[in-house]
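Participant: Provided below for reference: sequence and predicted model.
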Amino acid sequence: MEEIKVMVADASHEKYVDTILETMAEAAKVRGTGIAKRTHEYLTTKMREAKAVIALCGDRFAGFSYIETWGNKHYVTTSGLIVHPDFRGLGVAKRIKDITFTLARTRWPHAKIFSLTSGSAVMKMNTNLGYLPVTFADLTDDEAFWRGCEGCVNFDVLKRTGRKYCICTAMLYDPDNHEGEHAPIELSKGVMDRIKTLK
């Protein structure tokens, strides 16, 4: 098998967006759990803004995730982590997670990073990075974030409980509790230069 490359996405990767969306939808069906639906334009924008990470094996899509800021950049999410079934079990998810986490910490060093997930593999990766389980009240109160949950099959649970509980587990990384710790990887000079132009 060719080497799987994991990188910060850019406009050249927009051709993979439909495949990413299909892979996300299929994974949600197989797991029987929800996933917030995202549009083609939404993911394209993430790529253009250096807020997405993609994994490729040659020209084949292998995995993806993106980041978003909320609450006036006081909170950041790493979301939509997906690995294509053909590339699961190869450590791709961890490599993607390490880059999205590093990207979030680099761009918004004082922001709290959070994750809502129903997947045990993501929970384990989050724990290893220093995230802790928290209540939904510890997350952003930015209504735009919570509207993103409306496309999930479990949204009725979130609504019924007054946004206190759902199927997902909330996890939070607070940089104030990790002073002096370094991110798991180092971003390339090209990525760092690109980030500077987007600030």
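Facilitator: Received the coordinates, thanks. Numbers count the residues shown, from 1 in each chain.

Participant: Which helix or strand lies directly C-terminal to the lengthiest strand in the chain?
Facilitator: Counting residues, the longest strand in the chain under DSSP state E turns out to be strand 60-70. Where DSSP states H and E defines the elements, the next helix or strand beyond strand 60-70 is strand 75-83.

Participant: Export only the CA atoms of that following strand, formatted as CSV.
Facilitator: What follows is strand 75-83, C-alpha atoms only, in CSV (Å, rounded to 0.1, in the frame of the first residue of the first chain):
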residue,chain,number,x,y,z
TYR,A,75,-13.9,27.7,22.4
VAL,A,76,-12.6,25.5,19.5
THR,A,77,-14.0,22.2,18.3
THR,A,78,-12.3,19.4,16.4
SER,A,79,-15.2,17.8,14.6
GLY,A,80,-16.3,15.4,11.9
LEU,A,81,-13.4,12.9,12.3
ILE,A,82,-13.9,10.2,9.8
VAL,A,83,-11.6,7.5,8.3
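
Participant: now it and strand 60-70, what's the angle there?
Facilitator: Between strand 75-83 and strand 60-70, the angle comes out at 170 degrees (axes from the mean of the first three to the mean of the last three C-alpha atoms, to 10 degrees).

Participant: how about the strands in the chain?
Facilitator: Along the chain, counting by DSSP E, strands occupy 4-8, 52-57, 60-70, 75-83, 112-117, 132-134, 169-173.

Participant: Does anything pack onto the shortest one? Which helices or strands?
Facilitator: In other words, strand 132-134. If you count contacts as 3 or more C-beta pairs under 8 Å, 6 or more residues apart in numbering; DSSP states H and E, strand 132-134 packs onto strand 169-173. C-betas here are computed from N, CA, C, even on glycine.

Participant: Can you name every helix or strand that the strand it packs on contacts?
Facilitator: Contacts defined by 3+ C-beta pairs under 8 Å, 6+ apart place strand 169-173 against strand 112-117, helix 120-129, strand 132-134.

Participant: Is it possible to get CSV of these that adds distance to Leu198?
Facilitator: What follows is the helices and strands packed on strand 169-173, written out as CSV (distance: least, C-beta to C-beta, whole Å):
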stretch, distance to Leu198
strand 112-117, 18
helix 120-129, 24
strand 132-134, 29
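
Participant: got the contact list for the closest residue to Ala104 other than its chain neighbours?
Facilitator: The shortest distance from Ala104 to any non-neighbouring residue, by C-beta to C-beta, 6 or more residues apart in numbering, is to Val76 (4.5 Å). Going by C-beta atoms under 8 Å, 6 or more residues apart in numbering, Val76 touches Ile67, Glu68, Thr69, Trp70, Ala104, Arg107, Trp108, Ala111, Lys112, Ile113, Phe114.

Participant: For Val76, give the beta-bridge partners.
Facilitator: Thr69, Ile113 (DSSP bridges).
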